[in-house]
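[1] Sharing a sequence plus its predicted fold:
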Amino acid sequence: MWFPWDTGSRAALNLQQTLIVVTPLILTGLAVAFAFRCGLFNIGGNGQYTVGALVAVQFGVWFSGLPSVAHVLLVLVLATLAGAAWAGIAGLLKATVGAHEVITTIMLNYIALWIGSYLVGFNGPMQDPKAFSAPVTRPVAESAKLHVFWGAPTLQGLHIGFFIAIGAIVVYWLVLTRTTLGYEVRAVGFNPEAARYGGISVARNYFLAMAISGAFAGIAGGIDLLGWEFNLDLTVVQGVQIGFIGIAVALLGRGNPVGIFFSALLFGALLTGTSTRNLDPSIFRPELAGNLTRIIQGLVVLFVGADLLILYAWHALRKPLQRKGAGS
Amino acid sequence: MTTAAGAIDRRTFWHRISSAKAIGIAGIGLGVVAFWLALPPVMVRSPAGPIALGIVAVAAGIWAFARGERRVGGGAAVAGLIGIVGAITSMQAQTSNLDRVFVWSTLIAATLRWSTPLTFAALGGLFSERSGVVNIALEGMMLMGALFGALGADKTGSWFLGLLIGAASGGLLAFVYAIFAIHLRVDQIVGGTALNFLALGLTGYIYIDVYGDQGTPENLPAIPDVHLHWLGHIPLIGTFLDGSIGSLNLMIWVGIILVPLSSFALFKTARGLRLRSVGEHPRAAETVGISVYATRYFAVTLSGVLAALGGVFLSIGYVGSFSENMTAGRGFIALAALIFGGWRPYGAFAACLLFGFSSALAQRLPDLSASDSAAWPVLFQALPYVLTLIAVAGIIGRALPPAADGQPYEKQ
């Protein structure tokens, strides 16, 4: 194995679980951050993730005869495109009629949720005919599953999707800082009027930024599905939160690629650490943990935005110090 | 219409109704009628009529579109198509099922019930945005109202105290938001989203902490209904009126009354003028001695109280219980209604009624299906959200937001 320490230990297992959660968090964080660089606030990560996962499960079930690499690639590309298309709707509406992306992406979240509930739910077209008593899809073919490189595949070990997420960070950085597209996206985000005056098509960049943002969230859904979920459950479709947490990841990381990695690590640890399995009920009631995570998330987003608070605090602290200095 | 148009606006009546915009609007109307023909009480069973009307609507739309009225024209074309598809679809359904779904008096009552939480939140958003603060945290404020309304009613045993506690909780959250949005000049979209998370987590935490997996008690004190039995004695339309507005919840009436009240407060009083001036041009308002910060604090807090009242209605007026994230995006739909209604009380109220109607319909449409096991009726749950999406995309005109909406103000 690749790591020096004992792969069967409790610590290794927890680290694996944390990194499995970190993988989609990095991607949804990148999704929010990319749109943010263009001045767009994509809070539709949940919907884009759902659409990606839905497409992934369907194409993971189909084409089971393909060689593994081709199958995985096909599924992930389609999941990415699905996420891009879903966010692209919001991008298109923003670009053409100026519909506010916050409202459209939220609405698209709910539409994806109900379409997913229909597809996966009882008697839906994607429900497993064998599991007629449970609203769940068929599992993807073995050839579509991502390779587990650390830990036992049967015990939900860490899959290579983690490296795809790392790769996505690099892509994010490259596109934003080393391409014309990235330059235009940042210019529009910085000042749309000036960008327009400089000959950049603001509408085109709104659409592209939103679609690329959705692509990150879509591939997150695909990777989660091929990496450890393998099939979709109605409760999973209706309880997707990863896109919302991506907002906190992106804001805490301040849109910086490295920052996003570390804030994804933080929130991934927070999620794994507060999962029902890891909490001792005599110390903290596990059923409260999910909401505590949401509170922490809200506070992080709130205070990251409030840089002025630091200035106020700084001034408030300095005044008494100066007075003391003048008195002595 | 610009002011310059007023001078040459000596057009005849005929000119006015043959304008591209009027034709387009007529097209939208025709599309709606095409659908309606296939529903009770008319229930045309031959597709010819609706299809003809729908085609006329599409034609009118294309005509208007070609003459520059792109929004209205596009809207008419879409309305015509929806009319044809909807009419043909409902012709497939059994007449008895149609009769069961489209009981108009019950639908009206349900529409009012669904639109009331939206109305409260949209009016709240109206005050906040008119003062120049985008309030995307309406969702969270509604949720606070819903939980603390239920909790307060449960612990004090009185629905009225519950209502007050719920309203206060929304006002408190809004006040926190105001501090961040006004004094700390946080990006209002980011700050609002943060408060939505916070409210979601906080209400979920308290709910589980207090009630656990038991849920709220069954006998929560509820906001009473207003029974207007005398309506039933009116000849001819008595039963219809009684069925539709005879026994609505008190909060529904309060919501309806609040619409003209808000309109009066905003557009006919000096305070309302000040509030709007702060939202349009804060620097000018400050110059004439209006405190921008105080006005905005007041408006944002008021918006929280109003949105929370919508939430209180939801938990102890309508559903009779609280569940996690029970507002399910209604705050955002209210925000969309506000935009759709052009930042005006009556416009926003009309949009809320439209969304309320689509929600009411979404609840009843599954009955159309003959078998109970079909999966597709769940798709109707998406109807209000699809409609909101279409509305925000702006089929009918686009209104301008208050000029300083969303811009933090820095004192000099």
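    All right, it came through fine. Since the model is a prediction, treat every value here as computed from it, not as a measurement.
[2] So chain B: which segments form each domain?
    Per the record, chain B has its domains at B:11-92, B:104-392, by automatic domain parsing.
[3] Ignore what I typed, I meant chain A.
    For chain A, automatic domain parsing gives the domain ranges A:10-273, A:288-328.
[4] what are the ranges of the strands in the stretch 151-300 of chain A?
    Along the stretch 151-300 of chain A, the stretches classed as strands by DSSP state E, counting those that start in this stretch are A:158-159.
[5] A:A134: how many residues sit nearby?
    Neighbour count for A:A134, taken as other Cβ atoms under 10 Å in any protein chain shown: 11. Yep, even glycine has a C-beta here, placed from its N, CA and C like the rest.
[6] confidence score at it?
    At A:A134, the model reports a pLDDT of 84.
[7] which SS state does it fall under?
    Taking DSSP: H, G, I helix; E, B strand; the rest coil as the rule, one finds A:A134 in the coil state.
[8] mind checking the backbone torsions on it?
    Phi and psi for A:A134, reported as degrees, to the nearest 10, are phi -130, psi 140.
[9] which parts of the stretch 51-200 of chain A sit against chain B?
    A:93, A:97-100, A:102-104, A:106-111, A:113-115, A:117-118, A:121-125, A:127 (Cβ under 8 Å from any Cβ of the partner chain).
[10] just the buried members of those?
    Neighbour-count burial (16 or more other Cβ atoms under 10 Å in any protein chain shown) applied to those gives A:93, A:99-100, A:102-104, A:106-111, A:113-115, A:117-118, A:121-124, A:127.
[11] Which ones among those map onto helices?
    A:93, A:102-104, A:106-111, A:113-115, A:117-118 (DSSP state H).
[12] measure B:D225 to A:L226 for me?
    Computed as Cβ to Cβ, to the nearest Å, the B:D225 to A:L226 distance reads 53 Å.
[13] Which one's more surrounded, these two?
    A:L226 (26 against 15).
[14] which residue packs closest to the more buried one, ignoring adjacent ones?
    A:L146 (4.8 Å; Cβ to Cβ, 6 or more residues apart in numbering or on different chains).
[15] Is that neighbour in a helix, a strand, or coil?
    What three-state DSSP gives for A:L146 is coil.
[16] how many other residues sit next to it?
    Residues near A:L146, counting by other Cβ under 10 Å: 26.
[17] for the domains of chain A, which one sits closest to B:M142?
    domain A:10-273 (13.9 Å; Cβ to Cβ).
[18] Over to the closest one now: how far is its first residue from its last?
    Domain A:10-273 has an end-to-end distance of 13 Å (Cα to Cα, to the nearest Å).
[19] How many residues are close by residue 235?
    Picked chain A for this. 10.
[20] wrong chain, I was asking about chain B
    Counted with other Cβ under 10 Å, B:P235 comes out at 5.
[21] Over to the one 4 residues further on?
    The local packing count at B:T239 equals 13, with neighbours defined by other Cβ under 10 Å.
[22] Name the helix or strand for it, please.
    Counting by DSSP states H and E, the element that carries B:T239 is helix B:238-245.
[23] Show me what that helix is packed up against.
    Helices and strands touching helix B:238-245, by 3 or more Cβ pairs under 8 Å, 6 or more residues apart in numbering or on different chains; DSSP states H and E, are helix B:104-130.
[24] Show me what the helix it packs on is packed up against.
    Judged by 3+ Cβ pairs under 8 Å, 6+ apart, helix B:104-130 is in contact with helix B:138-156, helix B:238-245, strand B:247-249, helix B:250-267, helix B:270-280, helix B:292-312, helix B:330-340, helix B:345-364.
[25] Where do the helices of the stretch 201-328 of chain A begin and end?
    Here the stretch 201-328 of chain A has its helices, by DSSP state H, counting those that start in this stretch, at A:202-224, A:234-238, A:242-252, A:257-273, A:286-305, A:307-327.
[26] List the contacts of the shortest one.
    In this case it means helix A:234-238. For helix A:234-238, the surrounding residues in contact (Cβ atoms under 8 Å, 6 or more residues apart in numbering or on different chains) are A:T50, A:A53, A:L54, A:L113, A:G116, A:S117, A:V120, A:G121, A:P135, A:V136, A:E229.
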